[in-house]
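Engineer: below are the sequence and a predicted model; questions follow.
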Amino acid sequence: MSDPGPSLCTVTSPASTDSVPPQLSAGPRPAQGPAADEGLARRLRALACTAPLHDLDARKANLAGEYSVYGMAEVALVAIDLVTLNMDFDTGADHEQVVARLVPRIAAQAPHRPTAEHERVARWVLENLINVGSVDRGFRAVYGTFAPDGTYVRRDYDFKLIEEVPGPGGTVYLRTTDEAVNVLVGALDTDVTSAQIAAEVKLEVLISRGRLADAQLAAEQARYRTVQYSETLRRALEATRRNVRAVDWLNTVPDMIAEALDHVAERYRHENAILTNIRKARDETEEPEHKRRAAELVDIVKDCIRRHTQLQSRLLEAGPLFRAEQDRQAFATPAATSGIDLYGHLVAPVLPLPLEQAIRVTDAFFARGTGPRTPVSVRVGDLVDILLTPPVEREHLGAEMPEPDLIATPDDSRFSEEQLAAATELLDLPPDAPRRLSGLLAEARRTGDPDLAYLVALLAVHAASPAVGTAYRQGEEKLLFAVDDGTELDDPEFGGADLIVGTALLDAAGMAADRTEAA
Amino acid sequence: MTEHVEWSEAETPAPPASTAVTPADAADAARLVAFGLQPKLAPARDQEYTELLRRYREDPAFARLADAVAAGLGLVVLEVSPRAGMAVTAAEDSVFAVRMGDYARRTAADSGDRFLHGLAHLAVAALAFPRPEDLADDSYIGRVTVNGVDAFVRQACRRLEERAEERGENTDPATDAPGLEAAWRIWARRSATGATKDARRPAASTTGIVAKALAFLTDSGFLQRTGDDNGGTYRTTARYQLQVRDMAGNAALAELSELGVVPVTDGTATLLPAEDTDDLDLVTDAGLPFHS
């Protein structure tokens, strides 16, 4: 494979000998076979993955406070186990949850220390495993290998132990990387489908035996399968929208849809059965802890059912979407193609290039791919004003309300306050002496105000059907009333019955007593 | 042909059918260019804009004047149409051009960051216009999401990584020559996101870089934000298509061929879905791409 020719010049290369670490320079170079070197590189990389853990114990002395009692590497390994075990198919482990589960272990190491310190240690270890301080949030180790031409090359090995991935709704989850799993946990290889079947069986057994804590875990796992189907479908449809031919709509996708529909049908039946069982468990169990867990489980299973229904409706939409895209893409008149396939012509060729070359292409794209930006120019006059303006104090009550601009509405009342007072006085009749409306009208006219008679007539008509109940409830002592005894009103301005207007006394004391009783 | 005649007419100093340019015409032409510099302004929403666009299309002398104003300011006219408005873009070294150093401060010191920001823009375009036909089709509207772009690049990186592994290559770069590191590794090793104190995406993470690119393109009137799903969803505008098709794509392609890389494809789309979909970092509630 490698060409021995160029090694001639490397013999005279002055740099190699003094930069070679002692353990590698011990043997003569020709003895290093490429296979042996590759194995060595592999082991060096594996070794590098453990370095951050040793580093934790080495650096704990630098922390403010006395932290030497804690076994940091132990905590770190537990943290990686926790993240790995809490990692599911789709999301990862929750940061806070991992911290919470780490604390008991740390507390066991130093029981007499305050809990706040335990939590601090947990966070410190977790942050260091993510390596929050670095830009890549990862680690780098340097190791040396021999290139095919026999030169010694130092290489950077970049790796992560715990990485942060975006979750739903902008949350961040933790996942352990392949490196961490391979080196620090040991390979975990599970078949998704069989794990799913196992989870189902487990769930039913667990529920029948009343072990709800584990049942919850199993139910959560069952949900991920559905999410996975949604995701696969989403991806297939997204690809279809990009390019119908990129997706096999003859066999693969219809098969997948059929399979997913079967899954939905089966799960739906299954989970409804489970739901009934757990509800029973929830209602029958005496222990509050079991009750709470069962209630949680009900929520999870409900969510599963919701997701299944959602998946089903989307599965049904898949066919029409495909046909629409097929129409758009396959039967559209072929455009005068501009010839640039952005992925095939640019992205794909750029990615394998060395950085210093690739950057020229991306720079060119960036320079021409961004729109014009209007430069901001500053007027000195404005600048002075801005600089001299005192900063606006932020009120915690919010912005000041603008003074409302009130417009006086014209007083369009038919009668004035004085007229009302005069009319009320006129109608303030003694309870034992009711009067005819005609007499009241005549008296009103005598005051000289032509409108007053109208007001009196209006009030009298209103009194014809007084709101007795309301007045009673409000505690009124007397009430104006009017009764029609059949006498015709003989008046130049009004017609109708000559009402008898009087004042009725209400039993205020009795009312008050009633009210207190009712209360 | 007619255009050619018009041009020669313009060069004759005093044509008899004098369409003498008045200061008012110049002001109108400059006004049209000023409208073009407000990329988020929809021509249909402004009557004056619509009127000036109509005049540009119907009055060749006015069109030449507006072109001249744009050229004088250091702008390139991409298209003048009712849908895109006066689509102008900055010529190289124009005051209107965006410089990478102004765009993201870290890029001045770190070539890796510089590449990531550039690649983010390239990937957004590639995902927005996945097929050559989409880029050519004026009525095509592309849709992109922040997480989608990141996943798309990561997937491409993973394929390269697998291919390198199959061939038994050691892709770890030499320590003293970071410029020789394969470009895909830079994206692959940068974290996708991270927890921060204020619950925002870390700016240096790849989703942060993509989100910045999408927000910037939205500010340029190239994209329209349509929702918050999947880290933020966007759809393309006519201007973005023009910019990618007529400017950016060609510039990058020219640079690539200067490097001696000549990609050969048969003209059909090369963007295919992943073979191993189970391997991707899936996101729950990612939202399915259905039209409402």
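Structural biologist: Thanks, I have the structure now.

Engineer: for chain A, tell me whether stretch B:163-175 is touching it.
Structural biologist: Yes. Applying Cβ under 8 Å from any Cβ of the partner chain, one finds that stretch B:163-175 is in contact with chain A at B:Gly168, B:Asn170, B:Asp172, B:Pro173, B:Ala174, B:Thr175. For glycine as for every other residue, the C-beta is placed from the backbone atoms N, C-alpha and C.

Engineer: same question for whichever helix in chain A runs longest, mean pLDDT?
Structural biologist: Identified as the longest helix of chain A according to DSSP state H is helix A:288-330. The average pLDDT within helix A:288-330 is 77.

Engineer: tell me the first helix or strand C-terminal of that helix.
Structural biologist: Where DSSP states H and E defines the elements, the next helix or strand beyond helix A:288-330 is helix A:348-350.

Engineer: next, see if that next one gets close to chain B.
Structural biologist: Yes. Helix A:348-350 comes into contact with chain B (Cβ under 8 Å from any Cβ), by way of A:Ala348, A:Pro349, A:Val350.

Engineer: how many other residues sit next to the last one?
Structural biologist: Right, the one you point to is A:Val350. 29 (other Cβ atoms under 10 Å in any protein chain shown).

Engineer: then the one 3 residues further on?
Structural biologist: Using other Cβ under 10 Å, A:Leu353 is surrounded by 19 other residues.

Engineer: for B:Thr89, give me its contacts.
Structural biologist: Taking Cβ atoms under 8 Å, 6 or more residues apart in numbering or on different chains, we find B:Thr89 in contact with A:Arg368, A:Gly371, A:Pro372, B:Leu75, B:Val76, B:Leu78, B:Gln243, B:Met247.

Engineer: rerun at 10 Å
Structural biologist: A:368-372, B:36, B:39, B:70, B:75-78, B:96-97, B:220, B:239, B:242-243, B:246-248 (Cβ atoms under 10 Å, 6 or more residues apart in numbering or on different chains).

Engineer: what's around B:Ala164, how many residues?
Structural biologist: 16.

Engineer: you'd agree it is in a helix?
Structural biologist: Yes. Secondary structure of B:Ala164 (DSSP: H, G, I helix; E, B strand; the rest coil): part of a helix.

Engineer: so what's it closest to, chain neighbours aside?
Structural biologist: Closest residue to B:Ala164 apart from its sequence neighbours, by Cβ to Cβ, 6 or more residues apart in numbering or on different chains: B:Thr171 at 4.9 Å.

Engineer: okay, and that neighbour sits in which element?
Structural biologist: With DSSP H and E as the test, B:Thr171 turns up in no helix or strand.

Engineer: and the helices in the stretch 1-150 of chain A?
Structural biologist: Residue ranges of the helices in the stretch 1-150 of chain A, as given by DSSP state H, counting those that start in this stretch, are A:7-11, A:15-19, A:22-25, A:34-59, A:72-86, A:95-109, A:115-130.

Engineer: hmm, A:Leu129 and A:Lys160 touching each other?
Structural biologist: Yes. Taking Cβ atoms under 10 Å as the definition, A:Lys160 is a contact partner of A:Leu129 at 9.0 Å.

Engineer: next, show the common contact partners of these two.
Structural biologist: A:Pro52, A:Phe139, A:Thr176, A:Ala180.

Engineer: show me the contacts for A:Gly133.
Structural biologist: A:Glu127.

Engineer: distance check, it against chain B.
Structural biologist: 11 Å (Cβ to the nearest Cβ, to the nearest Å).

Engineer: got the phi/psi numbers for that residue?
Structural biologist: As for A:Gly133, its main-chain torsions (degrees, to the nearest 10) stand at phi -70, psi -30.

Engineer: can you pull the pLDDT of it?
Structural biologist: At A:Gly133, pLDDT is 77.

Engineer: same deal with the one 4 residues further on?
Structural biologist: Confidence at A:Arg137, expressed as pLDDT, is 82.

Engineer: which residues touch B:Trp187?
Structural biologist: So B:Trp187 contacts A:351, B:112, B:115-116, B:119-120, B:123, B:150, B:153-154, B:156-157, B:206, B:209 (Cβ under 10 Å, 6+ apart).

Engineer: and these, which two are furthest apart?
Structural biologist: Spanning the widest gap among the contacts of B:Trp187 are B:Gly112 and B:Ala156, at 17.4 Å by Cβ to Cβ.

Engineer: and whichever residue of chain B sits closest to chain A, how many neighbours?
Structural biologist: Closest approach between chain B and chain A, counting by Cβ to the nearest Cβ: B:Gly118, at 2.7 Å. Using other Cβ under 10 Å, B:Gly118 has 29 neighbouring residues.

Engineer: now it: how far from B:Phe96?
Structural biologist: 19 Å (Cβ to Cβ, to the nearest Å).

Engineer: likewise for B:Gly249?
Structural biologist: Here B:Gly249 is placed at a distance of 20 Å from B:Phe96 (Cβ to Cβ).

Engineer: who's more crowded, those two?
Structural biologist: B:Gly249 (27 against 18).

Engineer: cross-check the contact I'm expecting between that one and A:Val347.
Structural biologist: No. With contact defined as Cβ under 10 Å, B:Gly249 does not count as touching A:Val347 (11.2 Å).

Engineer: one step back: report the buried members of the residues of stretch B:163-175 next to chain A.
Structural biologist: B:Asn170, B:Asp172, B:Pro173, B:Ala174 (16 or more other Cβ atoms under 10 Å in any protein chain shown).

Engineer: tell me which of these is nearest to B:Glu51?
Structural biologist: Of those, the one sitting nearest to B:Glu51 (Cβ to Cβ) turns out to be B:Pro173, at 58.1 Å.

Engineer: show the contacting residues for the residue nearest to the closest one when sequence neighbours are not counted.
Structural biologist: Leaving out its chain neighbours, the residue that sits closest to B:Pro173 by Cβ to Cβ, 6+ apart is B:Glu181, at 3.5 Å. Shown in contact with B:Glu181 (Cβ under 10 Å, 6+ apart): A:155-156, A:158, A:354-356, A:358, B:112, B:115, B:171-174, B:189.

Engineer: kindly write the ChimeraX command that selects the buried subset of the residues you listed.
Structural biologist: Entered in ChimeraX, the line below selects the buried ones among the contacts of B:Glu181, by 16+ other Cβ under 10 Å:
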select /A:155,156,158,354,355,358 /B:112,115,171,172,173,174,189
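
Engineer: lowest pLDDT pick from the contacts of B:Glu181?
Structural biologist: Lowest pLDDT among the contacts of B:Glu181: B:Thr171, 76.

Engineer: how is the chain partitioned into domains?
Structural biologist: All of this refers to chain A. Following automatic domain parsing, one finds the domains of chain A at A:7-185, A:192-327, A:417-518.

Engineer: ah, no, chain B please
Structural biologist: B:2-9+B:20-90, B:106-261.

Engineer: quick revisit: as TSV, the buried ones among the residues of stretch B:163-175 next to chain A with distance to B:Gly142 would be great.
Structural biologist: Formatted as TSV, those follow (distance: Cβ to Cβ, whole Å):
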residue	distance to B:Gly142
B:Asn170	38
B:Asp172	36
B:Pro173	34
B:Ala174	39
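
Engineer: ok, those vs A:Thr151, which is closest?
Structural biologist: For these, the nearest to A:Thr151 is B:Ala174 (9.8 Å; Cβ to Cβ).

Engineer: residues contacting that closest one?
Structural biologist: Neighbours of B:Ala174 in contact, by Cβ under 10 Å, 6+ apart: A:Val142, A:Gly144, A:Thr145, A:Ala147, A:Thr151, A:Val153, A:Arg154, A:Arg155, A:Asp156, B:Leu180, B:Glu181.

Engineer: wait, doesn't the third one sit right on B:Thr171?
Structural biologist: The reference is to A:Thr145. No. Here A:Thr145 lies out of contact with B:Thr171, judged by Cβ under 10 Å, at a distance of 12.0 Å.
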